[in-house]
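> Only the shape, not the letters, is given here:
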């Protein structure tokens, strides 16, 4: 650990200076020798560091989502060049360059936070050993050694002996109870953060090795914290617990406000957005307009959640515009209502017998115009000769010539028997 401390010694002085500045502020409120003053100084150091790391966190989110999108393409490259590792690496780097993705971006917040962690660990270890470090002089050192958090000194560890704990004016039972509770809370917060990321903010339609890796980390990280936490001073446990709680809250905000496309969290967010839009008949904030605009720009590449969102908008009589706004549209509502009925009214497939009957009926239909034309010609001839036309049928022993054709065209079949003249 001395070797690691020497590597991060360049940041020890800034970290100790920040702690001292916060201690002077909280010391005026709670007293300079209290655990609240020193404990809140460590918490404030965490908050300050995490605020500075927000740009890296945003970059981490973008990189993580790009990696999720690229997983199918990466898997295809691995299968295509599985016998040529060099070509496989070249194609991977080409894919990263084309999409502007950096695989290491997801690790940037952890890597950037590591120097502060080791510097704080070195500062607390020096306090436990009774050595001045950075801007912490002998007076501040004595004050820090007297500070207790729920009966546990800042520099005490779970594995410390009873003699070392007694030298810090504390009991071994208090130290182990406090450190055990903090280790459990630290591991539980880490597990919950990773679990909500896997269950809510992952595109479930894409099954990739990346999801399996994240699922493994969900169980591995809490175990690592639990095993290594017994060797951390109470002050470092305060640091890590605060960091995990901050990460959990930050992750919950991202999941609720900027979820991963295709995830369960996106479906829930779009449902909330739909209620807000339908209640006011407009998109009321710039950020929401940008989200609607991005979904409109996707066109046919929208996922199921986004298509359901647009369908619900149409049923409410609203249509999304390319600039992210919405307008009232009765046409969209009518199309949404008739869309399902239109699909249900498609004709059924005919059997072979039905198709043959339809073809036979088609061959019979051309005879009808000829009969009508013949009837028209005879009517014209009779009118020209001046013969009276009797509307009643004449009695005859033979069936009419067109009776067979009339039977084919759907009229009553069989010969029509004429009436007897006496029955008229």
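Cool, the structure landed. Predicted model, so just to flag it, every value in this text is computed and none were measured.

> number of nearby residues for residue 52?
By the criterion of other CB atoms under 10 Å, residue 52 has 12 neighbours. C-beta here means a position set from N, CA and C on the backbone, and glycine is covered the same way.

> who touches it in this structure?
Listed by CB atoms under 8 Å, 6 or more residues apart in numbering, residue 52 has no contact partners.

> What's the separation between it and residue 353?
Look at residue 52 and residue 353: by CB to CB, to the nearest Å, they are 80 Å apart.

> Report the residue spans of this structure with pLDDT below the cut-off.
Across the chain, the ranges flagged by pLDDT under 70 are 1-8, 68-69, 71, 103-107, 203-214, 330, 332-350, 352, 361-424.

> where do the strands sit along it?
Applying DSSP state E to the chain gives strands spanning 148-149, 152-153, 318-320, 326-328.

> With respect to burial, which of these scores highest?
strand 152-153 (a mean of 30; mean count of other CB atoms under 10 Å).

> in its sheet, what does that strand sit against?
strand 148-149 (antiparallel) (DSSP bridges).

> how distant is the partner strand from the center of its chain?
Remark: strand 148-149 is offset 42 Å from the chain centroid, using CA atoms, centre = their mean, to the nearest Å.

> So what touches that strand?
Residues outside strand 148-149 that contact it (CB under 8 Å, 6+ apart): 35, 39, 154, 169-170, 178, 234, 238.

> could I get the residues you listed as a markdown table with distance to residue 115 and neighbour count?
Formatted as a markdown table, these follow (distance: CB to CB, whole Å; neighbours: other CB atoms under 10 Å):
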| residue | distance to residue 115 | neighbour count |
| --- | --- | --- |
| 35 | 26 | 22 |
| 39 | 22 | 21 |
| 154 | 20 | 25 |
| 169 | 32 | 10 |
| 170 | 30 | 21 |
| 178 | 27 | 21 |
| 234 | 21 | 28 |
| 238 | 18 | 26 |
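
> out of these, which are inside helices?
35, 39, 178, 234, 238 (DSSP state H).

> what residues are up against residue 65?
Counted by CB under 8 Å, 6+ apart, residue 65 has contacts 260-261.

> and the two most separated of the contacts of strand 148-149?
169 and 238 (18.6 Å; CB to CB).

> Count the neighbours of the closest residue to residue 153 other than its chain neighbours for me.
In space, and not counting its chain neighbours, residue 153 is closest to residue 168: 4.1 Å by CB to CB, 6 or more residues apart in numbering. Residues within reach of residue 168, counting by other CB under 10 Å, total 19.

> so residue 168 sits right up against residue 128, yeah?
Yes: contact criterion CB atoms under 8 Å: residue 168 and residue 128 qualify, at 7.5 Å.
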